[in-house]
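# sequence first, then the predicted structure, then my questions.
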Amino acid sequence: MQGFPQRFVHHNTPRILGFVVAVPRYLLSTALKAPTLLAAVVAFYLICAVLPSGLIGDLVMIAAEAVLLRVILQVLLRDRDLILAESIKKVCQKKEAPGSVVAVLGAAHCNGVRRLLLEGLPDAVVKDTVPEAEPANAA
């Protein structure tokens, strides 16, 4: 009988691998789109490198990393929510027959995409960054 860790890894291997690929990809794309954010992250780690070692330095670094991680994740989610909402809107506009459009989203994107679709997308959406979405034909 397999123990919990082996079963967990066996059943979630695709999710784990997806996470390992997705997070660095999103971080890299955000860094390329927002070089000032990249500069801020580099500056943060340079400042952390000169903090005194010991309990106070460790606590300051932990707090700063928590804040930085939250900011980075918020930026990534907001950007991706905008792209997803624009893609869903395009599919709805292309749709000719009455019916429903189904979008499968991760839990982290549901509230943001819903808000954008209900309140309207901002005018500053860069149209070139949103890939053309093709409706899937239900069989």
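Received it, and whenever you're ready, just let me know what you need.

# so where's the longest helix in the chain?
Identified as the longest helix of the chain according to DSSP state H is helix 55-94.

# what packs against that helix?
helix 4-33, helix 35-49, helix 107-119 (3 or more CB pairs under 8 Å, 6 or more residues apart in numbering; DSSP states H and E). Any C-beta I mention is one placed from the backbone N, CA and C, and that applies to glycine too.

# swap in 6 Å and give it another go.
helix 107-119 (3 or more CB pairs under 6 Å, 6 or more residues apart in numbering; DSSP states H and E).

# show me what the helix it packs on packs onto, helices and strands only.
Helices and strands touching helix 107-119, by 3+ CB pairs under 6 Å, 6+ apart, are helix 55-94.

# in the helix it packs on, what counts as buried?
61, 72, 75-77, 79-91 (16 or more other CB atoms under 10 Å).

# can you give me the angle it makes with helix 35-49?
Angle of helix 55-94 versus helix 35-49, following axes from the mean of the first three to the mean of the last three CA atoms, to 10 degrees, is 160 degrees.

# make 58 the starting number, not 1.
Okay, using 58 as the starting number, the last item reads as helix 112-151.

# enumerate every residue touching Val98.
For Val98, no contacting residues are found, by CB atoms under 6 Å, 6 or more residues apart in numbering.

# from Ile104, how far out is it?
According to CB to CB, to the nearest Å, Val98 stands 11 Å off from Ile104.

# for the protein, give me the ranges with low pLDDT.
58-61, 65, 181-196 (pLDDT under 70).

# now with 90, please.
Confidence mapping of the chain against pLDDT under 90 gives the ranges 58-138, 140, 146-167, 177-196.

# ok, Leu133 touching Arg82?
No - look at Leu133 against Arg82 with CB atoms under 6 Å: they stay out of range, at 10.1 Å.

# neighbours of Ala91, how many?
As a burial measure, Ala91 scores 13 neighbours (other CB atoms under 10 Å).

# how close does the closest residue to it other than its chain neighbours sit to Ile113?
Spatial nearest neighbour of Ala91, excluding adjacent residues (CB to CB, 6 or more residues apart in numbering): Val132 at 7.3 Å. Counting by CB to CB, the gap from Val132 to Ile113 is 29 Å.
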